[in-house]
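Undergrad: everything below, folded, please.
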Amino acid sequence: MRHWKAATAGALFLAGCSNASVDKPADPVSAEALGDNILHITWGGIAEADQGEAKRHWSTWTINLVDGGPEYGWLSEKDAAFPHTLSFELAGTGKVRAVALDNRFAPVVREDGSMSQTAEGSPVRRFALLGSTVGPDGPFETLVTGEAKADAQTLIELPKEASARWLRLRIDSNWKGSGATRLSDLAVYGELDQRGAAGEADVSGVYAHEYGPIALRQSGQDIRGCYNNGLGTLHGTAFGRIMRLAWFSKEEGSIGSATLVAANGKLYGFWYRPEDRMGSPWNAVREANLTDADLGPCRAALYPPA
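TA: Alright, predicted model coming up:
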């Protein structure tokens, strides 16, 4: 299940503490003591697609690293050479105190009925987290380096608190030493001045998606929408750049929710079945204004009678 607030199941242990006594190991540091997971989708965190992602199943996309759980994650190309570099963006400049990598594998029945019964690829081993306050192209500085445990969660505290809005995870090796690399989840702990800040002025528009267009109309914080040329409708609220929406498909007789972040002319996020059972990522690219598009059966959902 996915939750509105990031889950931090189990104990996360501090790694690489240079001040730890040889005779007495340092006490474990909990994620809660270091702040919130400000990279989580519900805090407005996003993950950019990596090279070759469009060719892979959605259960291996980079966006899965910000959903707060190990059921879906990221998988590199089999023949991709190290290092792998993944790009992320916070909703604003954050005070970053720690990073947590989750290498666990969780079998799951996907929305399309297929099931992942065995883990593909080798878990991340050596890595570095880099940050920038300037822009997505940097310049970047190294915030921390470390080694992630195989098939476990690893929390590593930064040597000192750092400011960053744009982040890069550089993966230098996996535990096998070659082949595809996998990671189930990534968490960045610290503080943001405002949850979901740096929002789009207006998310209204038509967004291209592989299963059909998504049309959104924003009025203040109120969001109305339509997807797949009238197959279903959307209604919800925007909090900065975060949208929490309910969807309804009369044709399918089904309902659920969606959490989307609007940034960089795109939508990033996920849709869910009842009980927060994840459907799939719902990433989309803005391609037209509402006034320039043929809304067809979506017009009534976007402009309901008064």
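Undergrad: give me the distance between the most centrally placed residue in the chain and Pro159.
TA: Centroid-nearest residue in the chain, with C-alpha atoms, centre = their mean: Val66, separated by 2.7 Å. Val66 is 24 Å from Pro159, where distance means C-beta to C-beta, to the nearest Å. (Each C-beta comes from the backbone N, C-alpha and C, glycine too.)
Undergrad: and for Ser184?
TA: Applying C-beta to C-beta, the value for Ser184 to Pro159 is 25 Å.
Undergrad: same question for Ala31.
TA: Taking C-beta to C-beta, one finds Ala31 at 18 Å from Pro159.
Undergrad: more neighbours: which of those two?
TA: Higher neighbour count among Ala31 and Pro159: Ala31, with 19 against 12, using other C-beta atoms under 10 Å.
Undergrad: look up phi and psi at the more buried one.
TA: Backbone dihedrals for Ala31, given as degrees, to the nearest 10, come out at phi -60, psi -40.
Undergrad: these two touch, right, it and Tyr189?
TA: Yes: with contact defined as C-beta atoms under 8 Å, Ala31 reaches Tyr189; the gap is 5.5 Å.
Undergrad: run through the residues that contact Ser132.
TA: 138-141, 164-167 (C-beta atoms under 8 Å, 6 or more residues apart in numbering).
Undergrad: where does the protein have low pLDDT?
TA: Along the chain, segments meeting pLDDT under 70 span 1-29, 110-117, 276.
Undergrad: what about the helices in it?
TA: Listed in chain order, the helices of the chain (DSSP state H) span 299-302.
Undergrad: picking up where we left off before, which of the contacts of Ser132 sits closest to Val99?
TA: Leu167 (8.7 Å; C-beta to C-beta).
Undergrad: please name the bridge partners of that closest one.
TA: Phe88, Gly131 (DSSP bridges).
Undergrad: my guess is it meets Gly190, correct?
TA: No: if you go by C-beta under 8 Å, Leu167 and Gly190 don't touch, sitting 10.9 Å apart.
Undergrad: neighbour-wise, which of these two wins?
TA: A direct count of neighbours by other C-beta under 10 Å for Leu167 and Gly190 places Leu167 higher, at 25 against 22.
Undergrad: for the more buried one, give me its contacts.
TA: Going by C-beta under 8 Å, 6+ apart, Leu167 touches 39, 87-90, 96, 129-132, 188.
Undergrad: looking at the residues you listed, which one is closest to Val206?
TA: Among these, Glu89 lies closest to Val206 (C-beta to C-beta), at 23.1 Å.
Undergrad: how near is the closest one to Ala197?
TA: According to C-beta to C-beta, Glu89 and Ala197 sit 12 Å apart.
Undergrad: okay, these two: which has more neighbours?
TA: Applying other C-beta under 10 Å to Glu89 and Ala197 shows that Glu89 carries more neighbours, namely 24 against 17.
Undergrad: gap between the more buried one and Phe140?
TA: 13 Å.
Undergrad: give the burial count for Thr145, as a bare number.
TA: Using other C-beta under 10 Å, Thr145 is surrounded by 15 other residues.
Undergrad: got the contact list for it?
TA: Contacts for Thr145 (C-beta under 8 Å, 6+ apart) come out as 126-129.
Undergrad: picking that back up, what touches both of Glu89 and Phe140?
TA: By C-beta under 8 Å, 6+ apart, the residues touching both Glu89 and Phe140 are Trp166.
Undergrad: tell me, how many neighbours does Glu141 end up with?
TA: Neighbour count for Glu141, taken as other C-beta under 10 Å: 11.
Undergrad: beta partners of it?
TA: Gly131.
Undergrad: quick one: it and Val134 touch, right?
TA: No: contact between Glu141 and Val134 fails when scored by C-beta under 8 Å: they sit 10.2 Å apart.
Undergrad: ok, back up a step: common neighbours of Ala31 and Tyr189, please.
TA: Common neighbours of Ala31 and Tyr189 are listed as 37, 98, 100, 155 (criterion: C-beta under 8 Å, 6+ apart).
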